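A.B. asks: Sequence first, predicted model second:
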Amino acid sequence: MAIQWFPGHMYTTQKAITERVKDIDVVIELLDARLPGSSANPMLAELTAGRPTLKVLNKQDLADPARTALWLAHYNALPATRAIGLDASLTTPAQQIVKACHELSPNRGGMAKPMRVLICGIPNVGKSTLINTLTGGRKAKTGDEAGITKLEQRITLADDFYLWDTPGMLWPRIVVPKSGYNLAASGAVGRNAFDEEEVALELLNYLKTNYAAGIAERFKLVELDAETIAVMKDEDVLDTIGRKRGALLGKGRVNLQKSAEIVMHEFRAGNLGRITLETPEEFAQWLAEGQRIDAERAAKKAARGKKRKSGDEPAAAD
């Protein structure tokens with residue numbers, strides 16, 4: 001099942017960014033360090049083209065440090081781009097953002113030319129928490145559910161530093177299926193837009209290959225070693241976790257829905273260890289495949305449209 005989520009307020013955000021970016025010096029895109037490729041908004045890249053960009057890999061304390069280093073190197077190699085890792089709840093690292101913005105736009109600063117910064121990101125990536133850390137107060141609403149911030153707001157960080165916060169925004173169509181699953185697993189997608197059991201199985205499929213030891217330790221699967229977990233069926237791993245946690249129905253059957261909720265909660269809370277669900281190389285492969293399939297779909301749709309227009313195919317055939 002392809003996961004898509006683009007409610008009406010995100011369309012409003014898209015329009016607001018289009019207007020606001022005309023007067024912006026630096027764009028900050030907050031990414032989830034556990035899925036730095038999947039949480040990068042391709043539509044935002046189009047809307048802010050030509051503006052210096054600071055990629056902030058937030059929640060790095062939950063991510064695999066070795067993989068975070070790979071992603072920072074990947075983004076720092078891009079033109080007019082800086083990338084830093086951050087835990088948004090820590091005050092001192094958060095100040096790196098102000099310094100990086102001045103490095104990206106060195107000619108801005110002072111009352112005559114104040115720094116104007118737009119901060120964007122997917123839902124539930126920690127934007128509001130970061131802003132509250134930067135301001136030393138509670139300027140923005142926070143929560144663990146996607147879509148908390150609904151309106152654009154301007155925040156003054158200093159007399160010559162203005163920050164515009166925008167609501168979390170995805171993009172109209174996610175062409176990389178794996179990205180959809182990773183976004184859902186991280187909490188960036190509304191609960192009604194995906195099947196939790198399906199997402200949990202996709203998550204376990206990746207974790208049992210790359211982070212099996214974390215699964216065994218957290219769920220106390222003492223009878224199973226990492227090598228055994230890695231070759232188990234995804235469904236069997238989910239079933240085993242449900243039994244360990246007492247997620248049972250009548251006659252000893254496992255409540256797979258409850259088991260899926262447990263798996264995703266443990267991942268989001270960082271209880272399975274420091275995990276990153278993609279490397280730059282993996283994401284590049286997923287993206288290329290997704291774009292190929294999307295191009296083929298568009299070509300077929302265009303061909304059907306031509307046939308209908310010429311009368312060779314009835315409209316009902318689409």
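C.D. replies: Now that the structure is in, tell me what you want to look at. Residues are numbered from 1 along each chain as shown.
A.B. asks: can I see the domain layout of the protein?
C.D. replies: 13-165, 195-268, 280-312 (automatic domain parsing).
A.B. asks: Out of these, flag the one nearest residue 177.
C.D. replies: Closest to residue 177 of the domains of the chain, according to Cβ to Cβ: domain 280-312, at 6.7 Å. Every C-beta, even on glycine, is put in place using the N, C-alpha and C of the backbone.
A.B. asks: Show me what counts as buried in that closest one.
C.D. replies: 280, 282-283, 286-287, 290 (16 or more other Cβ atoms under 10 Å).
A.B. asks: Then stretch 8-26?
C.D. replies: Neighbour counts over stretch 8-26 (16+ other Cβ under 10 Å) mark 10, 13-14, 16-17, 20-21, 24-26 as buried.
A.B. asks: Please convert the residues you listed to TSV, extending it with pLDDT.
C.D. replies: Formatted as TSV, the buried residues of stretch 8-26 follow (pLDDT from 0 to 100):
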residue	pLDDT
10	85
13	85
14	88
16	84
17	89
20	88
21	89
24	94
25	95
26	96
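A.B. asks: So which of those are in strands?
C.D. replies: Among the buried residues of stretch 8-26, the ones falling in strands (DSSP state E) are residue 26.
A.B. asks: of the buried residues of stretch 8-26, closest to residue 241?
C.D. replies: Using Cβ to Cβ, the buried residues of stretch 8-26 come closest to residue 241 at residue 10, 33.3 Å.
A.B. asks: Name all residues that make contact with the closest one.
C.D. replies: By Cβ atoms under 8 Å, 6 or more residues apart in numbering, the contact set of residue 10 is 167-170.
A.B. asks: Scan the residues you listed and report the most crowded one.
C.D. replies: Counting neighbours by other Cβ atoms under 10 Å, residue 170 leads the contacts of residue 10 with 28 neighbours.
A.B. asks: picking that back up, among the buried residues of stretch 8-26, give me the pair with the biggest separation.
C.D. replies: Farthest apart among the buried residues of stretch 8-26 - using Cβ to Cβ - are 10 and 25, which lie 24.4 Å from each other.
A.B. asks: what about residue 48, distance to residue 128?
C.D. replies: 20 Å (Cβ to Cβ, to the nearest Å).
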